[in-house]
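Asker: mind looking at a prediction? Sequence and model below.
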Number of protein chains: 2
Amino acid sequence: MTIKDIAKESGYAVSTVSRALNNHPDVSAEAKERIAQVVARYGFVPNSNARQLKQQQSSNIVLIVKGISNLFFSGIVEQMQNLISSNGYSAVVHYLSEEADEVLVAGQLCREHKPLGLLFLGGNAENFERRFGQIETPSVLVTAPGKNLDFPNLSSVGIDDVAAGREAVDYLFAKGHQKIGIIGGRLCRSQISQLRFEGCRQSFLNHGQELREEYFQIASFSYAGGYRAMQELMLRCPAISAVFCMSDIMAVGAIRAAQDAGKRVPQDVSVIGFDGIELGRYFCPRLATIQQPQGELAQISVELLVSHIEKNTPVRAVPVQVRLLEGESVRAL
Amino acid sequence: MTIKDIAKESGYAVSTVSRALNNHPDVSAEAKERIAQVVARYGFVPNSNARQLKQQQSSNIVLIVKGISNLFFSGIVEQMQNLISSNGYSAVVHYLSEEADEVLVAGQLCREHKPLGLLFLGGNAENFERRFGQIETPSVLVTAPGKNLDFPNLSSVGIDDVAAGREAVDYLFAKGHQKIGIIGGRLCRSQISQLRFEGCRQSFLNHGQELREEYFQIASFSYAGGYRAMQELMLRCPAISAVFCMSDIMAVGAIRAAQDAGKRVPQDVSVIGFDGIELGRYFCPRLATIQQPQGELAQISVELLVSHIEKNTPVRAVPVQVRLLEGESVRAL
DNA sequence: CTGAAAGCGCTTACAG
DNA sequence: CTGAAAGCGCTTACAG
């Protein structure tokens, strides 16, 4: 069943059928009607490969997501998909491992599939600096620091990771904690870890302390990563009374490790996470966390992208605000 | 940059370039070499729209997933993506809401994109009975009851939901519980809920009880759904000492509701979940649950699909086994 | 408002 | 082993 069959069946030429199918203005009401009937009768759907080949682009917006098991991202992806559909485009999700070079992959995807736009969830500024210049597709970098990235087709939306990291540790100091541990990603490999760590350092300085190396423990962004890191930290620095984890998932793992070591949270040790995923509000104890605004992130990114695609509006770097959720996992000393 | 440019640059005809690109046997080593160099120099990637249009099909295997926030599915999706890539195909994930008709959407996707194969994660037998006949693409129905579905291009892989539901409740009886509540999906709309419920009913009968209607509470498959359902249940049947939730996510919500009502889990009320997601092993208390074998489900489904595509092996209905994880959320009375 | 025709970038018989 | 040519199913100037 092709457009040719529809043409034959309806008595119109293929060009007219094509125009009717695409809602072009100059098609008579009668032609529209008759063609619609035939289309409906056969449940015809145009072959998108042919259409896209001809048009030299698809109607797809590709989401490039680093880490499928990232609960924080999956909440955003869900909302983005809805927004993209309601704008008349199709969302295609492409998952990458944490280590993959998202910009390299994006370049290949563009040549292969000619998407209309790209949404990067997570990503490293270094990769963008190195090879984003080759990509001409309108893009938005979401929840990754896009500062200093100056490309005519790259917007960014995200929080201030330094300020957010500082806020987390400030909160622990405000609650009277003095021995504060940090669990986060490898600084040389994860830019957000680096920035949040810098925020921690500032908070320590502001409170008259220096952030000693042994108080920081590297972990992968997973339950198991948080678990092992907390074990290490408790062993190495048993005096620690509070820990800041750079993701809620890590915080869940860390809390479990504390409990398995016979410590209660928050009575014996306090934990604050980062992201504000839904799980945190059901976990026991409810997670204290720095919440990123998922809804805003999704909405602003899609808006920026769509208006760039449709109206060629200039790119922007839009900051969004975090919010401290107190939860139940931090106690005042 | 097209195959034509590569042809010009390398001095060969487009047909030779195409053959070289696709690793066809009868291309001279020299031609292969020279063409590969040009391809590498320009970072050329063939336009997949053109290729797929010509070949009348893509190299895509489409995953149709009901519910993006379904943690149980996302674990499987991750593994499937790896397996699909390592078999030389590309995985495309398409998320649907719980209410969508997956078979209707699949039909459209097939006409539009001509995928090589379809993997359904979740789905309702009724939808398949009604319109799967129109789909000719090799397919596998994963983790949804495919019994009695007799199509020459539909395999299925999944657990025995009746037996699994029975096992969950049997376990609670074995631990001495007598007043047992059930939280699950709407029976008329969710087939797995129906089957698991039937298993519960059998367990009750085997233990000389009848499963009374008020002991069952409908919920959506979410944290919030489990939370509200547990509130209802505690209000309506305060004598209940144990609850079986038809998903781990629901169980997390239910436990939180119990604790917010001042009850400890498992001391005051026991909870067992279903699925065996990673979170359950870090939640406090560790979740008792009926674990579905994610790895096996992913592996067997992809194997069935690929061998059907490549060697036209006949379809099969493969059962997999669940495993009871005791966790810490159920106590013996 | 409608139709005939060119062409998007590939693949693949067919001929040599 | 290589090349010239047809054609996949669409869209879109162009002509009328």
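Answerer: That came through, no problem. Numbers count the residues shown, from 1 in each chain, chains lettered A, B, ... in the order given.
Asker: pLDDT of stretch A:154-164, averaged?
Answerer: Mean per-residue pLDDT for stretch A:154-164: 95.
Asker: check the offset of it from the chain's centre.
Answerer: Chain-centre distance of stretch A:154-164: 12 Å, with CA atoms, centre = their mean, to the nearest Å.
Asker: and the residue nearest to A:I218 when sequence neighbours are not counted, how many residues sit next to it?
Answerer: Nearest residue to A:I218 in three dimensions, chain neighbours excluded: A:R186, at 5.2 Å (CB to CB, 6 or more residues apart in numbering or on different chains). In short, each C-beta sits where N, CA and C put it, glycine included. A:R186: 11 surrounding residues under other CB atoms under 10 Å in any protein chain shown.
Asker: let me see the contact set for the closest residue to DNA strand D within the stretch 151-300 of chain A.
Answerer: Residue of the stretch 151-300 of chain A nearest DNA strand D, by CB to the nearest atom of the strand: A:N153 (21.5 Å). Residues near A:N153 by CB atoms under 8 Å, 6 or more residues apart in numbering or on different chains: A:I135, A:E136, A:T137, A:P138, A:S139, A:H308, A:V315.
Asker: what helix or strand is whichever residue of the stretch 101-250 of chain A sits closest to DNA strand C on?
Answerer: Residue nearest to DNA strand C within the stretch 101-250 of chain A: A:R111 (8.2 Å; CB to the nearest atom of the strand). Assigned by DSSP states H and E, A:R111 belongs to helix A:102-113.
Asker: and that helix, what other elements does it pack with?
Answerer: Contact partners of helix A:102-113 among helices and strands, from 3 or more CB pairs under 8 Å, 6 or more residues apart in numbering or on different chains; DSSP states H and E: strand A:60-66, strand A:90-96, strand A:117-121, helix A:125-131, helix B:48-55.
Asker: only C-alpha atoms, please: export the longest one in PDB.
Answerer: Below are the C-alpha coordinates for helix B:48-55, written out as PDB (Å, rounded to 0.1, in the frame of the first residue of the first chain):
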ATOM      1  CA  SER B  48      19.800   5.300   6.500                       C
ATOM      2  CA  ASN B  49      16.600   6.600   5.000                       C
ATOM      3  CA  ALA B  50      17.800   5.900   1.500                       C
ATOM      4  CA  ARG B  51      19.200   2.500   2.400                       C
ATOM      5  CA  GLN B  52      16.000   1.500   4.200                       C
ATOM      6  CA  LEU B  53      13.800   2.800   1.500                       C
ATOM      7  CA  LYS B  54      15.600   0.700  -1.000                       C
ATOM      8  CA  GLN B  55      15.800  -2.400   1.100                       C
END
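Asker: centre of the chain to that helix, how far?
Answerer: Per CA atoms, centre = their mean, the centroid offset for helix B:48-55 relative to its chain is 29 Å.
Asker: quick one: it near DNA strand C?
Answerer: Yes: contact of helix B:48-55 with DNA strand C (CB under 7 Å from any atom of the strand) involves B:A50, B:R51, B:L53, B:K54, B:Q55.
Asker: quick one: which of those residues is nearest chain A?
Answerer: B:L53 (4.1 Å; CB to the nearest CB).
Asker: show the contacting residues for that closest one.
Answerer: A:N47, A:N49, A:A50, A:L53.
Asker: farthest-apart pair in those residues, please.
Answerer: A:N47 and A:L53 (9.4 Å; CB to CB).
Asker: B:E326: which of the contacts of A:N153 is nearest?
Answerer: For those, the nearest to B:E326 is A:S139 (48.4 Å; CB to CB).
Asker: DNA strand C contacts on the stretch 51-200 of chain A?
Answerer: Counting by CB under 7 Å from any atom of the strand, the residues of the stretch 51-200 of chain A close to DNA strand C are A:L53, A:K54, A:Q56.
Asker: same thing but at 6 Å, please
Answerer: By CB under 6 Å from any atom of the strand, the residues of the stretch 51-200 of chain A that approach DNA strand C are A:L53, A:K54.
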